[in-house]
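> Quick one, fold the following:
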Amino acid sequence: MILSLKAVKRWGWALSAMVLTGCASSGDVSDPVVRRLTWFSFLSGDDLRSSCAPGMTSLRLVHNAVWDEDVRVIEARRGADGATQAREQLFLRIDWSNVTIGGDAGPLPWRGETFETRWTVEQTAAIIAALGADGAFTPLPAPLQLEGQGFFWTGTGCLNGKPWFHAWAYPSSAYDGLRFPAVLASLLPSGRAFAVAHSVDEAYPNWSRRGDRTFFLTVTADGVSGRPNLPTPPLSRFLP
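Now for the predicted structure:
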């Protein structure tokens, strides 16, 4: 695969912008370079929580089903009429044998697939109620460790003007008892079921095929603080 000079320049500008802004999320992770540099900030909802205002309700739910294989992002914002505009992004493992660049190649696969829909007042209320039952709007009582090459959920946003963040690690009783995924699954615009959590036995090789890419994320009530022993936010909001 050969990238055009225009693409290289665009990625270069994206990289420079992220370095200058301290890897803070803008809320758009379609670009893979931006996604890599701002992913922890995106999971933490730094952009949503900082813009949270009275009367506002928004949510961002991320299902990590093994990094680089199946990552699902569901975002929603409630409008003045009570209905909610929802967007779903799927980032799946890319089959490079079928990737074509240029011409009428279609959407670039590393940008993921995007689907949109609207939820009614009742549907939105059902999701929020399920999230509340799962403790989403209660700060984490203790730090968690999430396995990047495994399964976990993160949730963040603004609930009637109050910022919120929570996470659920697999395996755990909290993850197994989650109610909101079932409610959410019936309302997904893509219609694609969530991957069922399971133990990951095979090592996921890195580009040099030396060792594996198993990594863990440290999560506190403040959000995702990156790999263990990294500095406190915002310096820890970087994905090496």
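
> Show me the beta-bridge partners of Arg60.
Counting by DSSP bridges, Arg60 forms beta bridges with Glu75, Thr156.

> Run a quick check on it versus Thr156, I expect a contact.
Yes. The pair formed by Arg60 and Thr156 meets the contact definition of CB atoms under 8 Å, at 5.2 Å. For every residue, glycine as well, the C-beta is placed using N, CA and C.

> between the two, what contacts are shared?
Gly45, Leu48 (CB atoms under 8 Å, 6 or more residues apart in numbering).

> so where's the protein uncertain?
Filtered on pLDDT under 70, the chain yields the residue ranges 1-35, 92-111, 201-213, 226-240.

> One more pass at 90, please.
1-41, 66-70, 79-83, 91-113, 148-149, 199-217, 225-240 (pLDDT under 90).

> Helices of that one, residue ranges please.
5-20, 32-44, 46-50, 121-133, 173-176, 180-185 (DSSP state H).

> got the buried residues for the shortest one?
Just to be clear, that refers to helix 173-176. By neighbour count on 16 or more other CB atoms under 10 Å, the buried set for helix 173-176 is Ala174, Tyr175.

> quick one: contacts of it?
Asp134, Gly135, Phe151, Phe152, Trp153, Trp168, Ala169, Ala197.

> Who are the contact partners of the fifth one?
In other words, Trp153. Trp153 neighbours (CB under 8 Å, 6+ apart): Leu61, Val62, His63, Asn64, Ala167, Trp168, Tyr175, Leu178, Pro181.

> May I see those residues arranged in a markdown table, with distance to Gly79 as well?
As requested, the contacts of Trp153 are exported to a markdown table (distance: CB to CB, whole Å):
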| residue | distance to Gly79 |
| --- | --- |
| Leu61 | 18 |
| Val62 | 22 |
| His63 | 24 |
| Asn64 | 28 |
| Ala167 | 27 |
| Trp168 | 28 |
| Tyr175 | 31 |
| Leu178 | 27 |
| Pro181 | 24 |
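
> Report how many residues lie close to Ala53.
7 (other CB atoms under 10 Å).

> ok, now which ones touch it?
If you count contacts by CB under 8 Å, 6+ apart, then Ala53 has Cys158, Gly161 around it.

> measure it to Leu159 for me?
Going from Ala53 to Leu159 by CB to CB, to the nearest Å gives 12 Å.

> One more: Leu90?
From Leu90 to Leu159 the distance is 25 Å (CB to CB).

> hang on, the earlier thing: just the closest of the contacts of Trp153 to Thr214, please.
Asn64 (13.4 Å; CB to CB).

> Let me see the contact set for the spatially closest residue to that closest one that is not a sequence neighbour.
Leaving aside its sequence neighbours, Asn64 sits nearest to Phe152 (CB to CB, 6 or more residues apart in numbering; 5.0 Å). Residues near Phe152 by CB under 8 Å, 6+ apart: His63, Asn64, Leu146, Ala167, Trp168, Ala169, Tyr170, Tyr175.
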